[in-house]
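K.L.:
Using only what follows, build the 3D model:
(chains A, B, C and D)
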Protein chains: 2
Amino acid sequence: MDIKTLCLGLLCDGDASGYDLKKQFESTFKHFYPAGYGSIYPSLAVLADQGLVQCHAMPQDKKPDRKVYRITEAGRQVFETSLADASPEHKLRSEYLVAMYFADYLEPEQLEQMLTNWNQTLSDGVARLDLIEQEFGPDVPPGTRFVLGFGKALATAMASYVEENRSLLLPATSTRNKRVDARIESSSTAQTTNLENRV
Amino acid sequence: MDIKTLCLGLLCDGDASGYDLKKQFESTFKHFYPAGYGSIYPSLAVLADQGLVQCHAMPQDKKPDRKVYRITEAGRQVFETSLADASPEHKLRSEYLVAMYFADYLEPEQLEQMLTNWNQTLSDGVARLDLIEQEFGPDVPPGTRFVLGFGKALATAMASYVEENRSLLLPATSTRNKRVDARIESSSTAQTTNLENRV
DNA sequence: GGCTAAGGTATCGCCTCGATATATATGCGC
DNA sequence: GCGCATATATATCGAGGCGATACCTTAGCC
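P.N.:
Here you go, the predicted model:
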């Protein structure tokens, strides 16, 4: 599954321009499948090439044409196939987790500051999702409700974990400074690269 | 922060080859900052170019040279700066969340199957992290303990959410079929020019 | 008059990813 | 001894994604 598939999915719910799609990717999809212009416009071009969407240029007064895309029957089928082929693995990437892993290379005040920032960012994220939900009014579609709830549950769980485990990082009893500088031996048998000496 | 920074960080804890680094990326870092050969080897080459690491080729009997990398003082400084510059935002990407968002395009049995798969995958993930933790023995470094615990807490929270909210998706009372082409009408006032008369 | 925001299109270069190629050595079952 | 899988180890390629930027107009505000 890639951005092309996501575009097809969004177009299943109604015609849209690249700009419209971007707005979706920036609101509802932001927390589990974000995409920018650099992905969306090329995707639409390829999809149009493959006949999975049709493009209609709608002239506007004194503005460049609005290019509205509509999914075709072939596009719908491709989408449903891709959807069923989805992988259950998710991908997470977090710079702050890297920072926590290497916490003993940070000044304690810096670390404190980061932990505070982190929880702030997470609660901002929850607030953002709440706002999106409210904008839907009383009738949030079930899929939307599910993914928004998922995002909120996740951010909340992260915040709780950080709060409850910050003590793991803070006591300045670092063991890393005990590490030895493994000399590189030019002997052919010396393969004792010490990746283990962090203990 | 990019893979280059991560490589520097790992090399702070001891010399290593590209292969060694890959193993770390595949175990401890898998759940929050994964990387493959296609990222690691080019990163090491660039770092060596910039003088942030030194490369020592260690000849081996009847095997290609083992290229062991060691961080330099400049590398250490660059790493600590990058670490302090980390962004609190995380990135998640989940195909299954996409599938749940578009759940009404799936057969109910398929959906059921996916929800089951999902929880299986998540608990496999927790088991994997438990295993890694056990391999460290009694003295898991605090940073490692923190990130492994984070991963487990997250996967557990996901599993709970999925379990508790599957009912949101299952009752076949889809509202999507009621959809109107509201997007075009709401995003532009003047373009009542319907698409049909230009198809 | 100048500033910012919003509506729009689109591309560029860097980075990342997954698969693949190329060797050798070890171990395991048959 | 044969075939096979696994581990050690290097590295590259093409496809795809990402962030920033460019270009253009209108509207509103100070």
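K.L.:
How is chain A divided into domains?
P.N.:
As given by automatic domain parsing, the domain ranges for chain A are A:3-84, A:95-171.
K.L.:
avg pLDDT for the shortest one?
P.N.:
Right, domain A:95-171. When pLDDT is averaged along domain A:95-171, the result is 93.
K.L.:
next one: the longest one
P.N.:
Domain A:3-84 comes out with an average pLDDT of 90.
K.L.:
quick revisit: make TSV out of the domains of chain A and add distance to B:Pro142 and mean neighbour count.
P.N.:
Every residue, glycine included, has its C-beta placed from N, CA and C. Shown next, in TSV, are these (distance: least, CB to CB, whole Å; neighbours: other CB atoms under 10 Å in any protein chain shown):
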stretch	distance to B:Pro142	mean neighbour count
domain A:3-84	29	17
domain A:95-171	5	18
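K.L.:
And the helices in chain A?
P.N.:
Assigned by DSSP state H, chain A shows helices spanning A:3-12, A:18-26, A:37-49, A:73-84, A:95-101, A:108-135, A:142-169.
K.L.:
Could you confirm whether the last one reaches chain B?
P.N.:
Translated: helix A:142-169. Yes - counting by CB under 8 Å from any CB of the partner chain, chain B has neighbours in helix A:142-169: A:142-147, A:149-150, A:153-154, A:156-158, A:160-162, A:165, A:168-169.
K.L.:
Which members of those additionally contact DNA strand C?
P.N.:
The subset of those within reach of DNA strand C, by CB under 7 Å from any atom of the strand, is empty.
K.L.:
show me the contacts for A:Glu95.
P.N.:
Going by CB atoms under 8 Å, 6 or more residues apart in numbering or on different chains, A:Glu95 touches B:1, B:33, B:86-90.
K.L.:
Kindly recompute the last result at 7 Å.
P.N.:
B:1, B:86-87 (CB atoms under 7 Å, 6 or more residues apart in numbering or on different chains).
K.L.:
Select from these the one having the most neighbours.
P.N.:
B:Ala86 (21 neighbours; other CB atoms under 10 Å in any protein chain shown).
K.L.:
For that residue, give its distance to A:Asn117.
P.N.:
Taking CB to CB, to the nearest Å as the criterion, B:Ala86 is separated from A:Asn117 by 10 Å.
K.L.:
can you check A:Glu109 too?
P.N.:
Following CB to CB, the distance that separates A:Glu109 from A:Asn117 is 12 Å.
K.L.:
what's the answer for A:Cys12, then?
P.N.:
39 Å.
K.L.:
cool, and A:Phe136?
P.N.:
30 Å.
K.L.:
quick one, what contacts the residue nearest to A:Tyr41 when sequence neighbours are not counted?
P.N.:
Sequence neighbours aside, A:Gly18 is the residue nearest to A:Tyr41 in space, at 5.3 Å (criterion: CB to CB, 6 or more residues apart in numbering or on different chains). By CB under 7 Å, 6+ apart, the residues touching A:Gly18 are A:40-41, A:44, A:67.
K.L.:
Looking at those, which is nearest A:Lys23?
P.N.:
For the contacts of A:Gly18, the residue nearest A:Lys23 by CB to CB is A:Ile40; the value is 10.6 Å.
K.L.:
got the contact list for that closest one?
P.N.:
Applying CB under 7 Å, 6+ apart, the residues contacting A:Ile40 are A:3, A:7, A:18, A:21-22.
K.L.:
Same list, the residues you listed, but only the ones touching DNA strand D.
P.N.:
Among the contacts of A:Ile40, DNA strand D is touched by A:Ile3 when using CB under 7 Å from any atom of the strand.
K.L.:
OK, contacts around the closest residue to A:Lys91 other than its chain neighbours?
P.N.:
Computed as CB to CB, 6+ apart, the closest residue to A:Lys91 that is not its neighbour in sequence is B:Arg93, at 4.5 Å. When contacts are counted by CB under 7 Å, 6+ apart, B:Arg93 touches A:32-33, A:90-91.
K.L.:
Which of these fall in strands?
P.N.:
Among the contacts of B:Arg93, the residues falling in strands (DSSP state E) are A:90-91.
K.L.:
Which one of the contacts of B:Arg93 is nearest to B:Ala127?
P.N.:
A:His90 (16.2 Å).
K.L.:
That closest one pairs with what?
P.N.:
B:Ser94 (DSSP bridges).
K.L.:
how about a markdown table for the contacts of A:Glu95, with distance to chain A added?
P.N.:
Shown next, in a markdown table, are the contacts of A:Glu95 (distance: CB to the nearest CB, whole Å):
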| residue | distance to chain A |
| --- | --- |
| B:Met1 | 5 |
| B:Ala86 | 4 |
| B:Ser87 | 5 |
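K.L.:
ok, those vs DNA strand D, which is closest?
P.N.:
B:Ser87 (9.3 Å; CB to the nearest atom of the strand).
K.L.:
Next one: that closest one, what pLDDT does it get?
P.N.:
At B:Ser87, pLDDT is 92.
K.L.:
What's the separation between it and A:Glu80?
P.N.:
Counting by CB to CB - B:Ser87 and A:Glu80 are separated by 36 Å.
K.L.:
next one: A:Tyr96
P.N.:
Counting by CB to CB - A:Tyr96 and A:Glu80 are separated by 37 Å.
K.L.:
ok, the nearest residue to A:Gly151 once chain neighbours are set aside to A:Val98 distance?
P.N.:
In space, and not counting its chain neighbours, A:Gly151 is closest to A:His31: 4.1 Å by CB to CB, 6+ apart. Going from A:His31 to A:Val98 by CB to CB gives 20 Å.
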